[in-house]
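1. The sequence and its predicted three-dimensional model are supplied below.
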Amino acid sequence: MKLILAILRLTIFLTIAGCGQTVPVEPLAENAPTAIVQDVPTETTADLDAAENTDASAETGPISLPDWVSEFQDYLAARMEAEHIPGLAYALILPGGEIFAEGMGLRDVENELPVTARTLFHIGSTQKSMNAMMIASLIDRSYFDWGTPVAEIFPNFQLSSADYTQQVTMLHLLSMSSGIPDYAEDDLDLDGASQADVLEAVEKTDLLFSPGGVFSYSNLSATMAGYAAGYVWTDGDADLVDAYADALSELVLEPIGMESATFSVSEARNSEDFSYAYVLPDGRNAERAESYDLDRDPLGPSGTLKISVLDMAKYVATQMNAGVAPNGTRVVSAENLRMTWEVQLEGYALGWDHVSYGNTAVIFHTGAFDNFVSVIGFLPDLDIGLVLLVNSEDAGYALSEDAIYDLVDFIRD
């Protein structure tokens with residue numbers, strides 16, 4: 001099947017100064033150019049506390065893009081066809097803050113419905129960096145600091161070692177160096193597990209090492225960070241799953257303007273533009289995957305959001321713009337945001353991988369859940385960002401691993 005023929009056809013160019021104006025996106029003819037391009041305001045680090053809203057304006061106009069953008073489009077189309085990827089959405093954040101977002105292929109193979117820049121995908125563990133931004137925002141508000149023991153602000157947090165319980169900080173949880181091993185969640189039956197079961201699993205797990213000693217990627221560690229943040233934000237008055245959702249929504253999603261984001265798979269599937277996930281049993285033909293996503297997932301802070309590529313691009317743009325969102329809102333201080341990019345152990349920062357590729361700094365994170373796969377990241381040396389969401393882990397895993405490095409090659413060549 002020629003997947004590249006089934007591509008979203010939307011084009012708009014927005015020039016937005018300041019915050020807040022909503023501009024309708026109108027569908028064009030089927031064979032029109034494929035893009036949403038949005039300008040966002042930029043701000044230097046010298047303007048850390050000077051983000052001010054100005055009158056918003058918007059106008060349509062022609063799209064002007066670097067040559068490497070079309071080369072990257074061709075690369076994605078070729079990978080889709082060769083690897084039998086049913087559908088994907090991607091966005092590029094360009095120097096100056098322009099966002100170029102596009103859907104390619106099908107979100108619903110059976111009904112031949114195309115992916116759009118507003119199609120909801122599961123983003124998996126790319127959500128972990130959002131936890132870090134949320135916690136940095138709480139630190140900005142003086143709820144605690146990076147070195148505060150988690151147990152001091154979240155009394156439900158208990159490890160198998162009482163001494164280590166008093167030592168683990170948010171820095172340890174977010175950097176995957178808390179001592180909680182990667183396999184600690186293996187005995188959890190997520191279909192019937194509750195938040196109490198998650199807390200119990202953390203408390204009973206034999207720790208691999210002392211806090212800060214060794215890197216071990218752990219969804220439980222990320223979940224504890226999210227639970228603790230939610231507990232603090234709601235003064236301990238809410239169910240932990242709900243408290244986390246409230247904190248992330250109010251501190252990150254809403255200020256940035258990520259209106260499509262939902263924690264609920266039921267809500268996502270009831271939307272007008274949702275992608276199913278697919279498996280390739282024969283390595284070629286896509287079949288709809290059986291979902292294991294949950295409403296009120298007790299491991300939700302480790303990666304439960306469903307969201308559009310356009311809204312994820314706003315998030316990456318906020319990272320690139322020193323904590324100021326495309327709508328002009330300061331979401332987090334540049335100082336604490338930069339802390340989330342700092343490598344702690346084995347190339348891992350706080351919800352981010354931070355590596356060097358060909359002398360180019362690459363800050364990124366991949367995600368895989370419920371047969372979706374994704375990668376988000378940015379190249380601070382080049383002022384370029386990427387979001388890639390794919391609706392088949394079977395078909396798209398290799399692309400999600402390669403894309404941000406290959407993007408560097410396209411820009412550098």
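-> Looks like it came in fine.
2. tell me the pLDDT at Gly97?
-> Listed pLDDT for Gly97 reads 88.
3. thought it was touching Ala322?
-> No - with contact defined as Cβ atoms under 8 Å, Gly97 does not reach Ala322; the gap is 11.7 Å. All C-beta atoms are positioned from the backbone trio N, CA, C, and that covers glycine.
4. Dig out what Val324 forms beta bridges with.
-> Note on Val324: beta-bridge partners by DSSP bridges are Arg330.
5. That one: neighbouring residues, count only.
-> 27 (other Cβ atoms under 10 Å).
6. quick one, strands of the stretch 301-413 of the chain?
-> Assigned by DSSP state E, counting those that start in this stretch, the strands in the stretch 301-413 of the chain fall at 306-308, 353-357, 360-369, 372-379, 384-390.
7. most neighbours per residue, which of these?
-> strand 384-390 (a mean of 29; mean count of other Cβ atoms under 10 Å).
8. What average pLDDT does that one get?
-> 98.
9. what residues are shared contacts of Gly97 and Ala322?
-> Listed as contacting both Gly97 and Ala322 by Cβ atoms under 8 Å, 6 or more residues apart in numbering is no residue at all.
10. What strand or helix carries Leu159?
-> Leu159 is located outside every helix and strand, with elements delineated by DSSP states H and E.
11. likewise Leu76?
-> Here Leu76 is assigned to helix 67-83, by DSSP H and E.
12. In terms of secondary structure, what does that helix contact?
-> strand 87-93, strand 99-108, helix 393-412 (3 or more Cβ pairs under 8 Å, 6 or more residues apart in numbering; DSSP states H and E).
13. which one of the ones you listed is the most hemmed in?
-> Ranked by mean neighbours (mean count of other Cβ under 10 Å), the helices and strands packed on helix 67-83 are led by strand 87-93, with a mean of 29.
14. Please enumerate the helices of the chain.
-> 67-83, 128-140, 150-153, 162-165, 170-174, 195-204, 219-233, 240-248, 254-256, 265-269, 309-320, 334-341, 393-412 (DSSP state H).
15. sorry, back to before: for Glu185, which of the helices and strands packed on helix 67-83 is the nearest?
-> Taking Cβ to Cβ, helix 393-412 is the member of the helices and strands packed on helix 67-83 nearest to Glu185, at 18.4 Å.
16. Redo the strands of the stretch 301-413 of the chain as CSV? Include distance to Pro298.
-> As requested, these are exported to CSV (distance: least, Cβ to Cβ, whole Å):
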stretch, distance to Pro298
strand 306-308, 17
strand 353-357, 25
strand 360-369, 14
strand 372-379, 19
strand 384-390, 24
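17. mind checking which of those is nearest Ala193?
-> Going by Cβ to Cβ, the one of the strands of the stretch 301-413 of the chain nearest Ala193 is strand 360-369, 15.4 Å.
18. hmm, who's touching that closest one?
-> 122-129, 293, 303-304, 319, 341, 349, 351-356, 373-382, 386, 393, 397, 400-401, 404-405, 408, 412.
19. same check, this time on stretch 72-82
-> So stretch 72-82 is contacted by 2-4, 85, 88, 90, 92, 102, 104-105, 399, 403, 406-407, 410 (Cβ under 8 Å, 6+ apart).
20. Which single one of those is nearest to Phe157?
-> Nearest member of these to Phe157, counting by Cβ to Cβ, is Ala403, at 36.1 Å.
21. list the contacts for the closest one?
-> When contacts are counted by Cβ under 8 Å, 6+ apart, Ala403 touches Leu76, Tyr90, Val375, Leu386, Leu388.
22. go on, Asp293?
-> His122, Val265, Thr304, Phe369, Asp370.
23. sorry, back to before: can you say which of the strands of the stretch 301-413 of the chain is nearest to Trp146?
-> Trp146 lies closest, by Cβ to Cβ, to one member of the strands of the stretch 301-413 of the chain: strand 353-357, at 16.6 Å.
24. and that closest one, what does it pack onto?
-> strand 360-369.
25. State the distance from Ser125 to Gly367.
-> Noted for Ser125: a distance of 4 Å to Gly367, by Cβ to Cβ, to the nearest Å.
26. Quick check: neighbours shared by those two?
-> Going by Cβ under 8 Å, 6+ apart, residues that sit against Ser125 and also against Gly367 are Gly303.
27. I'd like to know the predicted local confidence at the residue nearest to Glu71 when sequence neighbours are not counted, please.
-> Leaving aside its sequence neighbours, Glu71 sits nearest to Phe410 (Cβ to Cβ, 6 or more residues apart in numbering; 5.3 Å). On pLDDT, Phe410 comes in at 96.
28. can you check Leu3 too?
-> pLDDT at Leu3 comes out at 38.
29. Same check on the one 5 residues further on?
-> As predicted, Leu8 sits at a pLDDT of 36.
30. Can you name the residues that contact the closest residue to Arg107 other than its chain neighbours?
-> Nearest non-adjacent residue to Arg107, counting by Cβ to Cβ, 6+ apart: Ser275, 3.7 Å away. Contacts for Ser275 (Cβ under 8 Å, 6+ apart) come out as Gly87, Arg107, Asp108, Val115, Thr119, Leu120, Phe121, Phe372, Asn391.
31. what is the orientation angle of the helix holding Leu76 with strand 87-93?
-> 160 degrees (axes from the mean of the first three to the mean of the last three Cα atoms, to 10 degrees).
32. Name the residues of helix 67-83 that are buried.
-> Counting neighbours by 16 or more other Cβ atoms under 10 Å, one finds that the buried residues in helix 67-83 are Trp68, Val69, Phe72, Gln73, Tyr75, Leu76, Ala77, Arg79, Met80, Glu83.
33. per-residue confidence at the last one?
-> What that stands for is Glu83. pLDDT, Glu83: 98.
34. which residue packs closest to it, ignoring adjacent ones?
-> Glu83 sits nearest to Ala395 (Cβ to Cβ, 6+ apart), 5.2 Å away.
35. Just confirm the one you found contacts Asp282, I think it does.
-> No - contact criterion Cβ under 8 Å: Ala395 and Asp282 do not qualify, at 11.7 Å.
36. Mind listing the shared neighbours of the two?
-> With Cβ under 8 Å, 6+ apart, Ala395 and Asp282 have no common neighbours.
37. I'd say Ala132 and Trp352 touch.
-> Yes - the criterion here is Cβ under 8 Å, and Ala132 meets it with Trp352 at 7.3 Å.
38. who has more neighbours, these two?
-> A side-by-side neighbour count of Ala132 and Trp352, using other Cβ under 10 Å, places Ala132 first with 29 against 26.
39. Thanks again, I'm all set now.
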